[in-house]
Each structure stands twice: as structure tokens, then as C-alpha cells.
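# Next one to model:
(chains A and B)
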Amino acid sequence: MGQVTVHLWSGLRRLTDGAETVEVEADTVGEMLDALSEAHPGVKPVLDAGVSVAVNGEILNGGRHKAVSPEDEIFLMQRMKGG
Amino acid sequence: MAKDELNTFKLVGTRPDRPDGLDKVTGRARYGADFSLPGMLHAAVVRSPHAHAKIVKIDASKALALDGVKAVVTRADLPTGLTGDEWDLQENTLAGEKALYDGHAVAAVAATSKLLAEEAARLIEVEYEVLPHVIHVDDAMAEGAPVIREGAADPTVPEGLHPNVVKYMEFGRGDVEAGFAEADLVMEKSYKTEATHQGYIEPHACVGQMGSDNKGEMWVCTQGQWFIRKMSAAVLGIEASQLRVTPSEIGGGFGGKTTIFMEPLSLALSKKAGGRPVKIVMTRSEVLRATGPTASASMDVKIGMKTDGTITGARAEFRMQGGAFPGAPVDMALYCAFAGYKLENVQHIGYDVLANRPKCAAYRAPGSPMGAFAVESLVDEMCRELKLDPIEVRIKNGVQTGDRASYGPKFGSIGLKEVLEAVKDHPNLQAELGPNQGRGFAVGYWFNHNGETSVSMAIGEDGTAQVSVGTPDIGGSRASVSLMVAETLGIPYEDVRVNVVETGALGVNEPTHGSRATFATGKAAVEATQGAIKEMCRRAAAEWGIDEEAVEWADGAAQPAGPNAGKFPPMTIKEIAAKMGSTGGPISGHHESVPDGVGASFGAHVVDLEVDPETGRVTILRYLVVQDAGRAIHPSYVEGQYQGGAVQGIGWALNEEYVYDDKGRLANSVFLDYRVPVASDLPMIDTVIVEVPNPGHPFGVRGVGETGITPPLPAIANAIHDAVGVRMTHLPINPPKLLAALKAK
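So this is what the prediction gives:
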């Protein structure tokens, strides 16, 4: 698996030992989220409540199987919703 | 070559009659309250008259003694053990230990007539122990504020904050203080917006039926039948698949009908009444008291700007209450607040706070209008201070494709620059202004959304097409999907019928929300149609005895693909359909996905208005909406979305607000007192559709439904300042408030 860098929102840093970017081993969005939970269990309830993931600017919803690679720019975002 | 590059559409971009038009103008359209069944009962809901109260006892004996009363339900009839969002939904459906806001449902009763149900509801005795309450967000966060629910905060909330703070967020980049130090002008201001309701014309209504085997059916006015099914099933502890939900025609939703309020009660009452169907229709007062308005907000914004207009740093701290449950859209407000600006140094902080008000629901670009009000008001003020053109400042700082958004990721294809250039060229900007008249300008943003989508389409025996979609039509999606399918098939628009179907007919669909229906359902419908076309080409190939790869689809017919495929006359869709029973059976296509390629949309508004200095009344003189649609499939509907968004934003800016008395009771729960703009209040809203095609959609579509409500709030405040020189920082800017500001000038 490749090592991907995940940009968190900085409000999560208290749950990630101060880190605002986290590196985890993952080939898919789902593996990235699971690895994030494993590395920082405090984040798990936030992830379980629902988040969106932006990969190279595309905000994914329901994209656990989408491939990610070390070159990708990955941002964790609050769960997107609309009216 | 992408279709949008060909630009040779025959139907996309035209304005045919809307498929639901005749039904709606003749009264034939069936809305939620129009549905009836034999043996149907009618329900009434008992609601708390207190903003915050312990429920000591509920005695329904007098109600049940009435002849014709068939069932009463209280929280004791609902399952226990729910957590998280599901507990919130159940608690909002029927209060448990405490009533959390004025209008919170406490019990429901079903009887043989509506009048009898209302009489029975009055006879249900509820003993309350009134508790201290809190209404406003800053009060709810303050030390000593009544605690609405201990332990409701999620893990993001730092220690030391009031228990009413249930979510905290912080994000940004760069060095904001260094950005401010670099600026020639730094300004910081505080802003407030009040809660407003979506104001849909049709109140919530449903008919529910459920037997002792927990198999149920519901006919309901909703933006999302699968959400209704999932949420109702959770609240009642039944299997989602055992509940079949059919959506009615819908008289407006704007986000407020993406969730449940009283719908599970119809099923719970039906079960207790031996499986008889139960109808619930809310009154307007119930809609305003007990269904989700949007949040109210208290916001601080600080911006640093150079004399040439370059923004060097920006900071926003937003606090929002979304009622007695988590869910105020402070996150989306922050994401959108600076979205139009290319910033190196930016910081966002947000608090989601509980208060004794109804559970907020989504409302058209949830959160974005509040954030825009704060940021676009301050940018306007700084432009005036530095004597800069506000449009040029937006162009100078405006984001373009590939720029990094204020919230982190880089933008895909966007059209803000094109929107701003179109504004500059519009003749409204040349109109002369008189005394007490002013012009205001502001920009707005919405992400747009994709979501779970399932579409099925079938070719009829006569060569027409029927399309089954799961997204209720609140803004013209049936017409748009018809156009896209007809364009793809090469048949007339009138030969396509799009049906919004029930939960048993398709895989899961998210609601019509996030401006997603024309984008996501449309994209899925085109994919489904391509599947049917492939099958029709295969049937033609078999008929001609050639490889199916040697057949292509054009102008509504299968055709040999080039001279080497053989010489055959085109086989039309009607010819293929007429024979399909003998060539392999029905021809259909389907598509299921969470479509990628969402295209965000920027808009800019310009308003001219006049202030009456003697009364504080504001009259809108001219109003211009310019917005990027990607591609306007049916331009009339796109214009309608732009106009509708603007009108709702105008109402938010000038009149609409939830007014509470000192006991925390809503004081304006009818439309006479909760004043939404009506047609006679406003001029025709001018629109310009900018089309920067979204490469993520086969026809270039971006969602268009939500962005339009965002700019009116600041645009109007900016125009009022231009007209009379007062800066209004607290919405709504109603006549008494504006008059007071004028007198204090």
C-alpha cells in the first residue's frame, strides 16, 4: 500500500496528538479512513458520524472504493449536505 | 469530443412546456393532503406550550373515552435504545422526558374525523414542570445558561465550553496575524442573522398505514422518500424494507422536507388503531413551530486589505444555534464564507450550539447565506473605506479554476470570473439612482452535491421512453431529465415521461437536496439511456446480421456505422420498439452510482433599492442575478431557480425572523406575522445565465438551486448603506430596526 497524506481540519488536532496532517498506508479512501481511525482512535467517532473526503479537489461522498495514491491531495471535510 | 464542445443540441437549452404544468394549474396535481383511503383516520398532535419543561405525566383517558377516538401514542409507544442521529429524530418526533421547545410534539391521537382528533388532543392532559430556557445562541453558550442536554457534545468540543456547545470546528492555513500585519486596512465586525423558515406553500402531510406485522406504507409530501423510509423505520424500530413510501407532488421544500417530523406518528397510530390508515396534515402554525427552520447566527469577521484591494488575511468565527439538537450548518457556513476569495492566510472557527428552538432542517445552501452576509458586508465596507470598486476587488481576489479554496482543496472548473465579468456588462449597473436609493453587490457560493442515485428507464412499445427517478421534482427536474433523455435518444421531448417513483421501484436515492437532481439524476438517466441504446443497436445488428459494434445510434435510429458495415436504412426507435416482444423482450436501461464530477456554482447579485427615511421601509427597485449554471438544460427553470433564491434571500434580509416572547414561545407562527415576500412586493428579478460547462456532466450541468439565496442578504445590506449611509449588521433589516438606525445616525 502507498503512503498517503491526509489533511485534517485543524479542530481535530486535539484528537490526533496535535497533527493537522497525518500519513497513513492506504490504496483506497476506505482504507485511508480505517487507517486514520486505527492510528488515532479519538477521531473514529467523528469519522463514523460521517465525513466527506476531497481527493484532488473532487469532494467524494460514498467513495470508499475510490483509489488514492501518494501523489493525491487528500482533505478530510465535514459531511456535505444541502437543501 | 465532449458533448458540450459540440454545442449542437437539438433540445437541451430549449424551453418546452413543463410536464407538470397542466396538472398544477387545473388542480389535478395530487399533493400530500390530497391522498385518502377507505376507513382512514385523522390525527392531531399535542404540542408543548413551553420552551423547556419536564414532562411529569400524560393522561389520555378522557381523550380515549370519546366515541370515535381510535388511538393515542406517546413516547412510551416507541422503542428505546436509539443513539446519535436516530435518537435525535425519535426525540424530535415525540418528546421523552422533556419538552425541548415550544411546539415540541408530546402525544398524538387518531380519530374518525379531523375535528374529533383535535377535540381529543385538547383532552389529553400533560403535566409539565417548566424549566429555564434559552433562545439566542450567544446566551446559550454563556456561563450559567440552562443546559438543554448533558453529554450531547461530540469529541471535537474542547473542555471548558458550555454543555450546549455540541460541535467545534477549526480550519485554515497560512499565518492570519502576519496577513493582517501586511494589510493597509484591517477591519473587524460582528453580525447576526435570525432563524428563518423555508416557507414552502404546502404544509407537511402524509397518510400512513401499518399493521401488527410491522409492514407499512406511507404516502407523503417529501423531498426524499428513501430518507423518510429510513428515518421512520429507525424511529419505530422496524425494518426499512417493510416500509414502502410513495412521494406525492410537492409544494416546495427548499431543504425542509429532507427529514421527518410527524410522519412516523401516522404509522404508530395506524398500528395501534388496528392498521387503519391515518392522515396527518400540519397547520401553518405547526409548520412554523415544529418543523425545521434554519439556524440563527452570531458571527465575527476580520479582514486585512491592501490599498489596491488585495486581501492579505481573513478570519471568521461563527456561532449558530440549530434548535435543541446538533446540526446547525455552521460547518457549511464557514466553508462558503470566503470561498470566492483566493487567500493565503485564512482561519475559520465554528460552534454548533443547542437552544430551546425547533430542530433546524436544511434550507437552501445551508449556512452559506449567513456566512456571505458577514463576509460580503465587511468586504463592501472595506471597499468603501479604500474607495475601491467592489466588483473589481472581487475580480482581483476571485478564485479561478485550479486555485486553492479557502476550505482546503483546489477548485475544479468554476466560473466566478465569468460571472463577475457578466455583472459588469449588465445595463442595470448603468441605471441612475435617486435620493435615498442605493446599489448593493455581493457574491455567493454553493458546492452542489452528488449523492446516492438510481435511475431506470424503459422503451415503450410505441418507441417512447419512460424514466423512473427517485428524486421528487421540486425545481423542474422532470423537464430537465426529459430533455436530456430525449436529446440522448434523438426523440421528441414529448415522447419522454419521467415518473418520480416509490421506494419499492428503485434502489436507494438520496433526496432532492444539494442542488443534485438535474446533475445526479440527469447524469444517471443519460447513463441508463445509453444502456438502452446499446441494446437497441444490438437488436438492429441482429436484424441486419452484422456485428453490433458496426451499429451506431443517431437521430433516434440505429444506423450502420460507416460504409463497411453494410447498406441498411436506419432502423428507428419506433421500429425497434414495435418488434421488441419478438426480438428478446423489453428494452430498458438502468444506472446506479454516487456520480462524481460535481460542479460548484458561483453567483453575484446586484440590487437597487430605496429607503423611505420616514418609515424605514425598503422597496426593491431592480434586482439582478448572475450565476454559473454550467449548462442550462431548461433555461426557464434555471431562471426560476435564480429568481426564487433571490426572493427567499430578500425575505431573509428584510422581514423574516422567528420572534420569541419572554417565555420562549414563538410569537409569529402564521404567515400574517411571519412575512415572506409576495409577488406584489417585488419587481421582476432580472437574470443572466452564465454557462461554464461542468466537465463532470455529459451536458455540462452544475446544480443551480441553492447559490441564489446566498448573495441577497449582504447585497441588500450593502445597498441600504449606499442609499442612506447606515451599516446594518443584524438581519432582518425591518422598518423599525432601520428607522432606529437612521435616527441614531
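# What is the neighbour count of whichever residue of the stretch 451-600 of chain B sits closest to chain A?
Nearest residue of the stretch 451-600 of chain B to chain A: residue B:514, at 2.7 Å (CB to the nearest CB). No exception for glycine: its C-beta is placed from N, CA and C like everyone else's. Neighbours of residue B:514 under the rule other CB atoms under 10 Å in any protein chain shown: 29.
# Settle this for me: it is touching residue A:61, isn't it.
No: look at residue B:514 against residue A:61 with CB atoms under 8 Å: they stay out of range, at 9.2 Å.
# any common contacting residues for those two?
A:80, B:449-451 (CB atoms under 8 Å, 6 or more residues apart in numbering or on different chains).
# What is the nearest of those to residue B:623?
Using CB to CB, residue B:449 comes nearest to residue B:623 of the shared contacts of residue B:514 and residue A:61, at 26.7 Å.
# what about the closest one, helix or strand, and which?
In the assignment (DSSP states H and E), residue B:449 maps to no helix and no strand.
# near chain B, which residues of chain A?
A:7, A:9-12, A:14-15, A:42-43, A:45-46, A:49, A:54, A:56-63, A:73, A:75, A:77-78, A:80-83 (CB under 8 Å from any CB of the partner chain).
# Go ahead and build a PyMOL selection from the buried members of the residues you listed.
A single PyMOL command selects the buried members of these (16 or more other CB atoms under 10 Å in any protein chain shown):
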select buried, chain A and resi 7+9+10+11+12+14+15+43+46+49+54+57+58+59+60+61+63+73+75+77+78+80+81+82+83
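# Among the residues of chain A next to chain B, which lie within helices?
Counting by DSSP state H, the residues of chain A next to chain B place A:45-46, A:49 in helices.
# Convert the lengthiest helix in chain A to CSV, retaining C-alpha atoms only.
Criterion DSSP H: the longest helix present in chain A is helix A:29-39. Extracted in CSV, the C-alpha atoms of helix A:29-39 (Å, rounded to 0.1, in the frame of the first residue of the first chain):
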residue,chain,number,x,y,z
VAL,A,29,-10.4,6.1,0.5
GLY,A,30,-11.9,3.4,2.8
GLU,A,31,-8.5,2.1,3.7
MET,A,32,-7.4,5.6,4.4
LEU,A,33,-10.3,6.3,6.8
ASP,A,34,-9.8,2.9,8.5
ALA,A,35,-6.1,3.5,9.0
LEU,A,36,-6.8,7.0,10.3
SER,A,37,-9.2,5.6,12.9
GLU,A,38,-6.6,3.0,13.9
ALA,A,39,-3.8,5.4,14.2
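# and it, which residues are buried?
Buried, per 16+ other CB under 10 Å, within helix A:29-39: A:29, A:31-37, A:39.
# any idea how chain B splits into domains?
B:414-441+B:599-744, B:450-593 (automatic domain parsing).
# next one: the shortest one to chain centre, how far?
On the basis of CA atoms, centre = their mean, to the nearest Å, domain B:450-593 sits 29 Å off its chain's mean C-alpha point.
# same thing with stretch B:703-711?
9 Å.
# Stretch B:125-137 now?
Distance, centroid of stretch B:125-137 to centroid of chain: 30 Å (CA atoms, centre = their mean).
# what's the spacing between residue B:274 and residue B:285?
Separation of residue B:274 from residue B:285 (CB to CB, to the nearest Å) stands at 31 Å.
# So for these two, which residue has more residues nearby?
residue B:285 (17 against 12).
# And the pLDDT for the more buried one?
Residue B:285 is assigned 98 on the pLDDT scale.
# Chain neighbours aside, what residue packs nearest to residue B:556?
residue B:490 (3.5 Å; CB to CB, 6 or more residues apart in numbering or on different chains).
# Check residue B:215 too.
Using CB to CB, 6+ apart and skipping residues adjacent in sequence, the residue nearest residue B:215 is residue B:242, 4.7 Å away.
# so who does that neighbour touch?
Taking CB under 8 Å, 6+ apart as the test, what residue B:242 contacts is B:214-216, B:233.
# Please apply the same query to residue B:412.
For residue B:412, counting by CB under 8 Å, 6+ apart, the contacting residues are A:57-58, B:401, B:599-600, B:695-696.
# Need the buried ones from the residues you listed selected in PyMOL.
A single PyMOL command suffices to select whichever of these are buried according to 16+ other CB under 10 Å:
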select buried, (chain A and resi 57+58) or (chain B and resi 599+600+696)
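# And stretch B:411-423, what's buried?
Neighbour count says stretch B:411-423 has B:411-420, B:422-423 buried, by 16+ other CB under 10 Å.
# Tell me which two of those sit farthest apart.
Longest span within the buried residues of stretch B:411-423, CB to CB: B:412 and B:423, 22.4 Å.
# hmm, back to that, what's around the residue nearest to residue B:556, how many residues?
So residue B:490, with other CB under 10 Å, has 16 neighbours.
# Touching, it and residue B:553? I think so.
Yes: applying CB under 8 Å, one finds residue B:490 in contact with residue B:553, separated by 7.2 Å.
# residue contacts, residue 12?
Here I'm looking at chain A. Neighbours of residue A:12 in contact, by CB under 8 Å, 6+ apart: A:20, A:43, A:46, A:76, B:156.
# Please refer instead to chain B.
B:483-484, B:487, B:631, B:633, B:699.
# So which residues on the stretch 101-250 of chain B come close to chain A?
Close to chain A, as judged by CB under 8 Å from any CB, the stretch 101-250 of chain B has residues B:154-156, B:158, B:168-172, B:198.
# So among those, which ones count as buried?
Here, 16+ other CB under 10 Å leaves B:156, B:168-172, B:198 buried among these.
# Greatest separation within the residues you listed: which pair is it?
B:172 and B:198 (31.0 Å).
# In TSV, list the domains of chain B along with mean pLDDT.
What follows is those, written out as TSV (pLDDT from 0 to 100):
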stretch	mean pLDDT
domain B:414-441+B:599-744	98
domain B:450-593	97
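# Residue B:517 reaches residue B:470, doesn't it?
No: at 9.6 Å, residue B:517 does not count as touching residue B:470 under the criterion of CB under 8 Å.
# So for these two, which sits in the more crowded spot?
Legend: neighbour count by other CB under 10 Å for residue B:517 and residue B:470, higher for residue B:517 (32 against 28).
# which residues does the more buried one contact?
B:469, B:471, B:473-475, B:477, B:480.
# can you pull out the strands in chain A?
A:3-7, A:21-25, A:51-55, A:58-60, A:74-78 (DSSP state E).
# could these go into TSV alongside mean pLDDT?
Converted to TSV, those look like this (pLDDT from 0 to 100):
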stretch	mean pLDDT
strand A:3-7	96
strand A:21-25	95
strand A:51-55	93
strand A:58-60	89
strand A:74-78	94
